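S.K.: need coordinates for the following:
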Amino acid sequence: ILSPSFREYGASAIAVLADERMGGCTYDDIADFVEEQRRAKMEVPGPLMVISNDLVVDELQIARSAAYGASAVTLNYALLGDEKALEFMKYAKAIGMESIVGVADQKEAQSAINAGARIINIVGVPNLDDKVAAITDLEIPEGAKVCTVATIIGRDDKEFGEIEEAWQCRDKGFNSIWVNDALYKSGNSAVEHPGAVISAMKAKSSVKWASPKARSGKGEGAREYLGDILM
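M.R.: Numbering: from 1, shown residues only. Coordinates of the predicted model:
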């Protein structure tokens, strides 16, 4: 149901929680998302990348994600450690998949980069300053580019501080944001549905002049490009 909405309102990818034990989806759901996005080929906007967001502990999960059509897989650096993370990244690359490596601090981020990670996602960190600290003064290998992603943690309220945090992450140097629960706080409200939240997060707006609850803001530069957003 939401797959075309994510595409229409400007998301850059869709992450499918492929872990039924955590109340998530199945690998069949990954295939359904991939097929819906495939049907948008030759359209504008075109298909989005689908990410298999599973708790990966062996290569079979990576292979299965690829078999069901996912373009990328998430890896938890703290769980895997240097050796396994490197092994899984190499395996994913060999079968044509991207690896998005979840880290919690600067030490893990640097270790992941040293092991070959080129997309790092700051996960489980609610404080903005701590997120920023995790990507500060990272040593990037010569000639390499590293995409930094900030996970926006949903808040248990009816406000939309997550939108303001997205703007702040952009200003602090993040390349992308990863959003989940914040998209569904108001259900399918006419003005605060998931697509409206995506539009507001992508809007380049001033926290002084624009309300985080506005669909796209009417403040300074409200329609400029924010960056990438992952669902």
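S.K.: quick one, strands of the protein?
M.R.: Under the criterion DSSP state E, the chain contains strands at 13-16, 49-52, 72-76, 98-103, 119-122, 147-152, 176-179, 203-204, 224-225, 228-230.
S.K.: next, the angle from the longest helix seen in the chain to strand 98-103.
M.R.: Longest helix in the chain, counting residues (DSSP state H): helix 77-94. Angle of helix 77-94 versus strand 98-103, following axes from the mean of the first three to the mean of the last three C-alpha atoms, to 10 degrees, is 170 degrees.
S.K.: for residue 100, what are its contacts?
M.R.: Residue 100 makes contact with 51, 72, 73, 74, 75, 119, 120, 121, 149, according to C-beta atoms under 8 Å, 6 or more residues apart in numbering. Glycine gets a C-beta too; all of them are placed from N, C-alpha and C.
S.K.: go with 6 Å
M.R.: 72, 74, 119, 121 (C-beta atoms under 6 Å, 6 or more residues apart in numbering).
S.K.: re the thing from before, any idea which of the strands of the chain scores lowest on pLDDT?
M.R.: Lowest mean pLDDT within the strands of the chain: strand 224-225, at a mean of 47.
S.K.: so how far is the longest helix of the chain from its chain's centroid?
M.R.: 19 Å (C-alpha atoms, centre = their mean, to the nearest Å).
S.K.: okay, the angle between it and strand 72-76?
M.R.: 150 degrees.
S.K.: neighbouring contacts of helix 77-94?
M.R.: For helix 77-94, the external contacting residues (C-beta under 6 Å, 6+ apart) are 59, 62, 73, 75, 99, 101, 103, 108, 112, 115, 116.
S.K.: need the contact list for the second one.
M.R.: Counting by C-beta under 6 Å, 6+ apart, residue 62 makes contact with 73, 91, 92.
S.K.: ok, now with 7 Å
M.R.: The contact partners of residue 62, by C-beta atoms under 7 Å, 6 or more residues apart in numbering, come to 56, 73, 88, 91, 92, 97.
S.K.: ok, the fourth one next?
M.R.: Counting by C-beta under 7 Å, 6+ apart, residue 75 touches 56, 85, 88, 89, 99, 101, 102.
S.K.: and the third one, by the same measure?
M.R.: For residue 73, the contact set (C-beta under 7 Å, 6+ apart) comprises 52, 56, 62, 65, 92, 97, 99.
S.K.: make JSON lines out of those and add distance to residue 33.
M.R.: What follows is the contacts of residue 73, written out as JSON lines (distance: C-beta to C-beta, whole Å):
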{"residue": "52", "distance to residue 33": "10"}
{"residue": "56", "distance to residue 33": "18"}
{"residue": "62", "distance to residue 33": "18"}
{"residue": "65", "distance to residue 33": "12"}
{"residue": "92", "distance to residue 33": "19"}
{"residue": "97", "distance to residue 33": "15"}
{"residue": "99", "distance to residue 33": "19"}
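S.K.: which residue ranges form the helices in the protein?
M.R.: 3-8, 27-38, 59-67, 77-94, 106-114, 128-135, 161-171, 194-202.
S.K.: contacts for the fifth one next, please.
M.R.: Contact with helix 106-114 is made by 77-78, 82, 85, 101, 103, 120, 133-136, 138-140, 146, as judged by C-beta under 7 Å, 6+ apart.
S.K.: got the CA coordinates for that helix in CSV?
M.R.: Only the C-alpha atoms of helix 106-114 are listed here, as CSV (Å, rounded to 0.1, in the frame of the first residue of the first chain):
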residue,chain,number,x,y,z
GLN,A,106,32.9,7.1,16.3
LYS,A,107,35.1,4.1,17.3
GLU,A,108,32.7,1.6,15.6
ALA,A,109,32.3,3.9,12.6
GLN,A,110,36.1,4.2,12.1
SER,A,111,36.5,0.4,12.5
ALA,A,112,33.7,-0.3,10.0
ILE,A,113,35.3,2.1,7.5
ASN,A,114,38.7,0.5,8.0
